[in-house]
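In: Pasting the sequence and the predicted coordinates here, then a few questions.
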Amino acid sequence: MSIRRLLILLLLTATAFAVASPSPDHHEFEASLYVPFKGENSGARDFNLSFNYIDAVEPTTVVWRIEIFAKGGSLVRSMVGENRLFRQPVNIPVTWDGLNDQNETLANGFYVARMTASAGVPSAVRSNGTTQRERVRETLARDDDAIEQEWELVIGDAPSVAMPEFLALPNSKTIGKSKSANGGLPFTVYYGNLHTQSNDSDGGGDVASCSGSQPAQSGAFGPSTGFEYARNRGLDFSAATEHNHYFDGSSSTNTAADPAVARARYQAGLATATSSSAANPGWLALYGMEWGVISNGGHMNIFGSNELFAWEYNSSNALIGDVFTPKSNYPAIYATMQQRQLVGQFNHASSSGQFLVNGTALGYDAAGDEVMVLAEIQNTSAFSNNITETETGRSSYESAFKLLLERGFHVAPSTNQDNHCANWGASWTNRTAVLIPNGQPISTSSFTEALRARRVFASSDKNSQLVFTANGRLMGERFSNSGPLTLVTNFANSQGRTVAQVQVFEGVPKRNGTVTVLATVPSYTFTPSAGEHFYYAKITQDDGKLLWSAPLWVTQTQENDPLFANGFE
């Protein structure tokens, strides 16, 4: 080992002992890429890379690569870099001239920008590469946990897709004013945010000074403020999802904690949500847990529990909660939720290393399939203090969403803000949208029923709707089919936005294979092969904002199948 490398390692070791132990939450490398959907006439535009490593105990070097792919999958441009990261977030502007690697002008149309990023000790220690491009290539090739995100962009004018005629479903602002039930779709759309924190855990930070996670129960504002703030911003629902192990007043184990105090704080949060909902008809406040830790775990939201789940004990060997749930044991937490008829959401899931079942990341579990109804597909930065809905720090989890579907989970997509600052629902225009039958007020029961039915779509635009059907069946349904199948992607926007691209994706539950694009038209008729399938739609608006539908799960049976001959479906 060279003297230089030895000195670096000694420095890192000393730093690790000098810095406090990391929090079990948000102790992860975070990376996002902002890609302007449209650029200059030449295609040129400025990207922005955002990197953060909360509670890192040593300096790191972020190694990143941005690749531009044509729609057919061919690589046209690659840019790489290395940047130091320690204790403070880093934003890196990257200018792209709109040309390929041969300095040639690219044809008009859609392209995909893919970011791959990794962080660890300085790359000089990790890689033998002599050039920056070699070091980046070698480092990313060795890191199975490298973050990868993809974003659409367009060169030239965005195309316009002719969509089926579709009259928007009523929403909370237009109830009673809708002229049509849209041919058998008698639902009202409600928009909200299902992932926030307050000072019951590590959120509620004053936007004037907030730039990250708050120490346990030190934030300026609690759940009552968060609910009122979100309601005044026009959201129809908001969920305070507090880290389950923060109710002892610490991100680690507080052995002096009084379990009665922790349980009382959780009950107070539940009561606050109930009072907020009761005082404001048409509004729903939800209170629950973000269960788990990042390191050797994975965060998940649990909705509807009147009990605090915990794995920590105080010095008197008293559980700091109501129900013991072993840390990082996902089959066990799924079973606990199933017994109590609860529902949950996978939060900002990674495709590797999280939600392990029998050693498999995002591993299938039958109880988990029943209770886990949502998976975040896109979020804004958890530590944004933006209050003008213009946040550009955004993360995509679509690769993990696809993997969950291929594993066999029946999950609908959600997009949330994970607010830790006191800007609940205000950082961007993204919303999770839920369909509740007309005439039923939004309530805990009607809302939970809609989640169980997966009547959900995720939208970057709070003014848009996406309703996906198959032979008239609504997104979220599971059904058997024989013969042709017609998939229809319906879209509406109250502000005049149009559709630039439609993608219908297809996969096979429990195949553990690859989700592929089946069609790029809004109405597509075909006959699936016999067996199990899932389909979901993704829309790119003319301004680049995205929408995803819940899947439809179809069992395709041959027409001469004896089940059909006997009238079963």
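Out: On my side now, so go ahead.
In: okay, which residue is most central for the chain?
Out: Nearest residue to the geometric centre of the chain (CA atoms, centre = their mean): Glu376, 2.4 Å.
In: which secondary structure element contains Val136?
Out: Under the criterion of DSSP states H and E, Val136 resides in helix 132-142.
In: ok, the helix or strand that that helix is followed by: who's next to it in the sheet?
Out: Once the chain leaves helix 132-142, the next helix or strand it forms, by DSSP H and E, is strand 147-155. Strands that pair with strand 147-155, judged by DSSP bridges, come out as strand 109-120 (antiparallel).
In: by how many degrees do the partner strand and helix 132-142 diverge?
Out: Per axes from the mean of the first three to the mean of the last three CA atoms, to 10 degrees, the angle that strand 109-120 makes with helix 132-142 is 80 degrees.
In: Just the mean pLDDT for strand 109-120, thanks.
Out: Mean pLDDT, computed over strand 109-120, is 93.
In: Pull out the buried positions in that strand.
Out: The neighbour-count check on strand 109-120 (16 or more other CB atoms under 10 Å) flags Phe110, Tyr111, Ala113, Arg114, Met115, Thr116, Ala117, Ser118, Ala119, Gly120 as buried. Using the backbone N, CA and C atoms, a C-beta is placed for each residue, glycine as well.
In: ok, for the fifth one, nearest residue in space, not its chain neighbours?
Out: Pointing back at Met115 there. Distances taken as CB to CB, 6 or more residues apart in numbering place Leu33 nearest to Met115, at 3.9 Å, with adjacent residues excluded.
In: Just give me the longest helix of the protein.
Out: Longest helix of the chain, by residue count under DSSP state H: helix 259-279.
In: Counting neighbours, which bits of it end up buried?
Out: By neighbour count on 16+ other CB under 10 Å, the buried set for helix 259-279 is Pro259, Ala262, Arg263, Arg265, Tyr266, Gly269, Leu270, Thr272, Ala273, Ser276, Ser277.
In: got a pLDDT number for the third one?
Out: We note a pLDDT of 98 for Arg263 in this prediction.
In: for Gly292, same thing?
Out: Per-residue pLDDT puts Gly292 at 97.
In: ok, back up a step: so the residue nearest to the centre of the chain touches Thr415, yeah?
Out: Yes - counting by CB atoms under 8 Å, Glu376 touches Thr415, with 6.7 Å between them.
In: Would you double-check that Thr336 falls in a helix?
Out: Yes - per DSSP: H, G, I helix; E, B strand; the rest coil, Thr336 lies within a helix segment.
In: Without its sequence neighbours, what residue ends up closest to it?
Out: Distances taken as CB to CB, 6+ apart put Thr325 closest to Thr336, at 5.7 Å, once the chain neighbours are dropped.
In: Now the one you found: phi and psi?
Out: When read as degrees, to the nearest 10, the backbone of Thr325 gives phi -130, psi 110.
In: likewise Pro331?
Out: Here is the backbone geometry of Pro331 (degrees, to the nearest 10): phi -60, psi -40.
In: How about the contacts made by it?
Out: Under the criterion of CB atoms under 8 Å, 6 or more residues apart in numbering, the contact list for Pro331 reads Val357, Asp365, Ala367, Gly368.
In: got the contact list for the second one?
Out: For Asp365, the contacting residues are Tyr330, Pro331, Tyr334, Val357, taking CB under 8 Å, 6+ apart as the criterion.
In: Kindly report the same for Gly109.
Out: With CB under 8 Å, 6+ apart, Gly109 has these contacts: Ala70, Lys71, Val154, Ile155, Gly156.
In: What is the neighbour count of the second one?
Out: Counted by other CB atoms under 10 Å, the residues lying close to Lys71 total 13.
In: May I have the beta-bridge partners of the closest residue to it other than its chain neighbours?
Out: Distances taken as CB to CB, 6+ apart put Phe110 closest to Lys71, at 5.2 Å, once the chain neighbours are dropped. In this structure, Phe110 bridges to Val154 when assessed by DSSP bridges.
In: try the one 5 residues further on
Out: In this structure, Met115 has beta-bridge partners Ile66, Gln149, where bridges are defined by DSSP bridges.
In: related to what we said a few turns ago, my guess is the residue nearest to Lys71 contacts Glu152. True?
Out: Yes - because the distance of 6.2 Å satisfies CB under 8 Å, Phe110 is recorded as touching Glu152.
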